[in-house]
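Trainee: Build the 3D model from these lines:
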Amino acid sequence: RVDAYVVSTQDMIPEMEAMGVPKEKIYPFGIPVENVFFGAADKPALRRKFGLEPETPTILIMAGSFGVTNILKIYRQIVRLDIPFQIVVITGRNERLHAAFAEEIEHSPKETKLVFFTNEVENYMHASDLLITKPGGLTVTEALACDIPLAVFDAIPGRKRTTPIPADAQH
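Mentor: Purely as a prediction, here's the structure:
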């Protein structure tokens, strides 16, 4: 017996009803985001903390947890841009992707910091000027809370295809 269903958006209510769930048991509370993602941060101080150039624009790439490898192609394209920026790549626990990036970074024309799993995602987001990531609801919502611009790429075909991206997220 289920007392209630918590969903991320109002748009999910009709889907739940179509599955036979009574509307009065559906609560669109949104995606929970920790408070550490909200508010302003001292970008230069965070960049120094992570060994980055404090005044250089920073691109954060997050892509590892689902085995996404097409992000390497995106990385190869952006490092060719003739504008000043540095890159942070977080591969999560994806050892194969981490190793591929480690090899790629050796020949990169852009300063790139490679990070395996971290508990400081919010600080890396706050230290960055752009996030490139897969279209996952939680990461996108955290980025919106951090007020960091997003560039999303298509992850594994078919995966997260129905994930609504809350472009109108409220804090």
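Trainee: which residues touch the residue most central in space within the chain?
Mentor: In the chain, the centroid-proximal residue (C-alpha atoms, centre = their mean) is T139; its distance is 4.0 Å. Counting by C-beta atoms under 8 Å, 6 or more residues apart in numbering, T139 makes contact with M62, L131, T133. No exception for glycine: its C-beta is placed from N, CA and C like everyone else's.
Trainee: And D3, by the same measure?
Mentor: So D3 contacts K25 (C-beta under 8 Å, 6+ apart).
Trainee: so how far is I26 from it?
Mentor: 11 Å (C-beta to C-beta, to the nearest Å).
Trainee: right, and the secondary structure at the residue nearest to the centre of the chain would be what?
Mentor: Three-state call for T139 (DSSP: H, G, I helix; E, B strand; the rest coil): helix.
Trainee: Distance-wise, check it relative to E53.
Mentor: From T139 to E53 the distance is 25 Å (C-beta to C-beta).
Trainee: same thing with E104?
Mentor: Taken as C-beta to C-beta, the span from E104 to E53 is 20 Å.
Trainee: wait, doesn't V6 sit right on I31?
Mentor: No. Between V6 and I31 there is no contact under C-beta atoms under 8 Å: 10.2 Å.
Trainee: which of these two has more neighbours?
Mentor: For V6 versus I31, the count of surrounding residues by other C-beta atoms under 10 Å is larger for I31: 18 against 11.
Trainee: The more buried one belongs to a strand?
Mentor: No. Using three-state DSSP, the secondary structure at I31 is coil, not a strand.
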